[in-house]
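[1] Predicted model and sequence follow; I will ask about them next.
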Amino acid sequence: NAGVTQTPKFQVLKTGQSMTLQCAQDMNHEYMSWYRQDPGMGLRLIHYSVGAGITDQGEVPNGYNVSRSTTEDFPLRLLSAAPSQTSVYFCASSPGLPRPNQPQHFGDGTRLSIL
Amino acid sequence: KNQVEQSPQSLIILEGKNCTLQCNYTVSPFSNLRWYKQDTGRGPVSLTIMTFSENTKSNGRYTATLDADTKQSSLHITASQLSDSASYICVVSDDYKLSFGAGTTVTVRA
C-alpha cells in the first residue's frame, strides 16, 4: 500500500516557468488537499477537493491551479513560477473532511526552488 | 483568525530524558486536536487525535493532554530515543479546516 505519492521530490525552476506537481493516493480517499510549508510557519492550505470533479480554494490559492478528474489524482499547477513560491509542498488525503475519525495521510513532499 | 501557537520553538534533550511540548490555540468552534510527528525530509505522520471530551491520549511513549477550557494541549515524550528527533506539529480542527502550528523541533542527543 503506497499511501500518498508525490512527484517529483525536488525541482528547480526559473521565474516565469510553469510546472505540475503530481499527487496520487491509492486509499480511495475522497478528500485531498495541497499545503505549502515555509520556515517558521505552519502548513498553509492552497487548494482542496472533496471528491472527483470538485475543487475549492484554501488559504493561499493565488498562483496555483488544481483539478480532480479522478479520485486517485490531484495535481497542482504553478502557472508562472515566482521566487515567493519557493517552498515545500505537501499533498494529503483522508476519507472525508478532517473529522476526528479521519486522520490525514501526507505524502513526503516536493521541495521546490524558484530562481 | 484561528491561531495555533507552539512552544518552545526548539529544544535539545539527552537520550532517555523526558520532555513536554506546549500548544495553545484560539480555534473556534473546536472539533479536535491532533499531534503530528514530522521527520526531516518526510511528511507529517499522525500521533494522536483528541476530541473535546478526551483529556489524555497515549501512543507508545507519546502522551497528549488537552484542556479545552483553557485551550491548551501538551505532548509529553517519555524516555526519549534518538529516533524521536523530529518536528512535532499541533493541529486544531473545526471539522472543516485544519489550523497548523509552526512546530517544535526536538533534537535528542546521545
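    Looks like it came in fine. Numbers count the residues shown, from 1 in each chain, chains lettered A, B, ... in the order given.
[2] Name the next helix or strand downstream of the worst-scoring helix or strand of chain B on mean pLDDT, please.
    Lowest by mean pLDDT, DSSP states H and E among the helices and strands of chain B is strand B:98-100, with a mean of 91. Following strand B:98-100 in sequence order, the next helix or strand is strand B:104-109 (DSSP states H and E).
[3] That next one and chain A in contact?
    No - looking at strand B:104-109 against chain A by CB under 8 Å from any CB of the partner chain, there are no contacts, and the closest approach is 10.8 Å. Where you see a C-beta, it was placed from the backbone N, CA and C, and this is true even at glycine.
[4] so what's the nearest residue to residue A:46 once chain neighbours are set aside up against?
    Of all residues beyond its chain neighbours, the one nearest residue A:46 is residue A:34 (4.4 Å), with distances taken as CB to CB, 6 or more residues apart in numbering or on different chains. Residue A:34 sits next to A:21, A:23, A:45-48, A:58, A:64, A:66, A:74, A:76, A:89-92 when contact means CB atoms under 8 Å, 6 or more residues apart in numbering or on different chains.
[5] pLDDT averaged over the helix or strand where residue A:34 lies - what is it?
    Using DSSP H and E, residue A:34 sits in strand A:31-37. Confidence over strand A:31-37, taken as the mean pLDDT, stands at 95.
[6] Also stretch A:67-77?
    Here stretch A:67-77 scores 97 as its mean pLDDT.
[7] and if you look at stretch B:62-74?
    Stretch B:62-74 comes out at a mean pLDDT of 96.
[8] Would you state the strands of chain B in chain order?
    Under the criterion DSSP state E, strands of chain B are mapped to B:4-7, B:10-14, B:19-25, B:32-38, B:45-51, B:56-59, B:62-67, B:72-77, B:86-93, B:98-100, B:104-109.
[9] The second one near chain A anywhere?
    The reference is to strand B:10-14. No - with CB under 8 Å from any CB as the measure, strand B:10-14 is seen stopping short of chain A, the closest distance being 11.0 Å.
[10] From the rest of the structure, what touches that strand?
    Contact partners of strand B:10-14, identified using CB under 8 Å, 6+ apart, comprise B:19, B:21, B:80, B:104-110.
[11] separation between the spatially closest residue to residue B:73 that is not a sequence neighbour and residue A:35?
    Sequence neighbours aside, residue B:23 is the residue nearest to residue B:73 in space, at 4.4 Å (criterion: CB to CB, 6+ apart). Using CB to CB, to the nearest Å, one gets 18 Å for the distance from residue B:23 to residue A:35.
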